[in-house]
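Visitor: One predicted model, sequence on top.
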Amino acid sequence: MRRISVLAASFVFAATSFLSLSADAKTIKIGATPIPHAEVLEYIKPKLKEQGVDLEVVIFNDYIQPFLTTEDGQLDANYFASRPWYEQFEKDHNLKNLVEVAGIHIEPLGLYSNRYKSLSELKDGSVLAIPNEPTNTGRALLLLQSAGLITLEDPNAIDATTFNIVKNPKNLQFKEIESPQLPRALSDVDAAVINTNYALGANLNPSRDALFIEQKDSPYVNLVIANKSAAKDEDLKKVISELTSADVKKYIEKQYDGAVVPAF
């Protein structure tokens, strides 16, 4: 009888301990676009699990909802946007509950074409597709200026529009399209400026396939943006620690072969 009682007590203790551990486990929800952001987050899941953190990756295919759902607390954080995009969106939508917690990587913006192999082949009047979101429009025009295709009124204006082009020697025509749709539009235009996350999803690698890409000193670092309350959470801090580890740096460099560049 004594042996049975001891075993029963041991079982109760083990069960209680398991429930206690389960209760202590914390789920961190982070919104991300599929490539490379969600892939990088999935990579760190096992190590976070070892630390008692369950990371839930919520995938989005737009640049609007991740911010709004982080702002209202449905997400703890999001990982997809560049600093200029974040700052402009926060201002335009009067968001008050967001804070930048880490810069993770740079995705060089690229100019791609199914019709031409070099910039010099672009013909007079060629049609170029560019992103239609204000910050990305300016970024695309700065890229085209760096490539020597156009000149802007203010050569450093990140909020430039096509109306700010003062020199356009090839008489390029511009078609503004939502960023996720740019890879699909590539067959209908002479060239398109595409964000790397969407380029990778279409099997396009900036270092291999682009006619021209941003340089490594680009200010467009992709950030983790958190809800201000969640930013204080020790478990979210564990996520950031893993995201900025030497192991993740090595993973990014190997996995994306120059298409994604660590920024830490």
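Guide: That came through fine.

Visitor: Give me the buried positions along the helix or strand encompassing Glu242.
Guide: With elements taken from DSSP states H and E, the one containing Glu242 is helix 234-243. For helix 234-243, a neighbour-count test (16 or more other C-beta atoms under 10 Å) marks 235-236, 238-240, 242-243 as buried. (Glycine included, C-beta is placed from N, CA and C.)

Visitor: Whichever strand or helix holds Phe80 pairs with which strands, and in what direction?
Guide: With the criterion set as DSSP H and E, the secondary-structure element containing Phe80 is strand 77-82. Next to strand 77-82 in the sheet, as set by DSSP bridges, lie strand 26-32 (parallel), strand 221-227 (antiparallel).

Visitor: could you check the angle helix 234-243 makes with that strand?
Guide: Taking axes from the mean of the first three to the mean of the last three C-alpha atoms, to 10 degrees, strand 77-82 and helix 234-243 form an angle of 40 degrees between their directions.

Visitor: what separates strand 77-82 from the chain centre, distance-wise?
Guide: Between the centre of strand 77-82 and the centre of its host chain there is 5 Å, according to C-alpha atoms, centre = their mean, to the nearest Å.

Visitor: Which stretches in the stretch 101-250 of the chain count as strands?
Guide: Read by DSSP state E, counting those that start in this stretch, the stretch 101-250 of the chain holds these strands, from start to end of the chain: 110-112, 127-131, 151-152, 165-167, 173-177, 191-194, 212-213, 221-227.

Visitor: Spatially nearest residue to the spatially most central residue of the chain, not counting backbone neighbours?
Guide: Within the chain, the residue whose C-alpha comes closest to the C-alpha centroid is Phe80; the distance, by C-alpha atoms, centre = their mean, is 2.5 Å. When the adjacent residues along the chain are set aside, Phe80 lies closest to Thr33, with 4.5 Å between them (C-beta to C-beta, 6 or more residues apart in numbering).
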